[in-house]
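S.K.: Coordinates for the following, if possible.
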Amino acid sequence: MNTIETIKKSLIWKLLVSIQKWLMIASSIFVVLIMCAVVVLRYVFRSDLYGIEEIVIIAAFWLYFMGSSYGVYEKSHVKADILPQMMSKKSQAFLSVIVRLTVSALCILFAYWSIDMIRHCLRYMPRTTGLRIPIVVSQFSIFVGYFLMSIYSVIYFLEDLFGFIEMRRS
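M.R.: Okay, the predicted model is just below:
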């Protein structure tokens, strides 16, 4: 078994995916329940929950970035793959290496930028207007999402690179 397969079967890899799934499920349920509560309060009890939009936005941030990183993990994110179908297997493999390298580089760059954003938030501690929730709570999801996307992208890049090298040898 090669190194990439060892990583993908490791406890850490499985733990990351489990935590990610848990965060997606929890944030999905939370957003649905809050939206149901808002509807019931507004239209049945003619009342409102002060600042609830702020809480929903934070949960939606976590849902979005966990979902995005899970899409990278599953290799199910949106892509246009008409061109590769018209290419030879070796050309497809080479294109896949280039695409995965580009995605990996961008994810790493965005993860780095998100660290700067978090540093800025920790320095000035901006808060939401209603409930005064620190903005860093939602922005931390950006870092976690891109960090996970970076890990998955780099692993898949290496997997495709080694596959391409092996294909070239044969």
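S.K.: In space, what's closest to the residue nearest in space to the middle of the chain - neighbours in sequence excluded?
M.R.: Centroid check for the chain by CA atoms, centre = their mean gives Ser69 as the closest residue, at 2.5 Å. Sequence neighbours aside, Leu148 is the residue nearest to Ser69 in space, at 3.8 Å (criterion: CB to CB, 6 or more residues apart in numbering). Where you see a C-beta, it was placed from the backbone N, CA and C, and this is true even at glycine.
S.K.: Could you do Ser150 as well?
M.R.: Ser150's closest residue in space is Cys107 (CB to CB, 6+ apart), at 4.2 Å.
S.K.: Next, find the distance separating that neighbour from Glu166.
M.R.: According to CB to CB, to the nearest Å, Cys107 and Glu166 sit 25 Å apart.
S.K.: Between the two, point out the one with more neighbours.
M.R.: Cys107 (23 against 11; other CB atoms under 10 Å).
S.K.: Tell me where the chain has helices.
M.R.: 3-8, 11-43, 52-74, 82-85, 89-124, 136-169 (DSSP state H).
S.K.: Just tell me which of the ones you listed ends up closest to Gly130.
M.R.: helix 52-74 (5.5 Å; CB to CB).
S.K.: which residues touch the closest residue to Pro134 other than its chain neighbours?
M.R.: Leaving out its chain neighbours, the residue that sits closest to Pro134 by CB to CB, 6+ apart is Arg127, at 5.6 Å. Residues counted as contacts of Arg127 (CB atoms under 8 Å, 6 or more residues apart in numbering) are 133-135.
S.K.: By neighbours, which of these wins?
M.R.: Ile135 (18 neighbours).
S.K.: ok, it touching Tyr124?
M.R.: No. Using CB atoms under 8 Å, Ile135 is not in contact with Tyr124, being 9.2 Å away.
S.K.: Show the pLDDT at the nearest residue to Phe30 once chain neighbours are set aside.
M.R.: Leaving aside its sequence neighbours, Phe30 sits nearest to Ala59 (CB to CB, 6+ apart; 4.8 Å). Ala59 carries a pLDDT value of 95.
S.K.: For Ala59, give me its contacts.
M.R.: 27, 30-31, 34.
S.K.: Highest neighbour count among these?
M.R.: Highest count within the contacts of Ala59 by other CB under 10 Å belongs to Ser27, 21 neighbours.
S.K.: how about that one, what does it touch?
M.R.: Applying CB under 8 Å, 6+ apart, the residues near Ser27 are 59-60, 62-63, 66.
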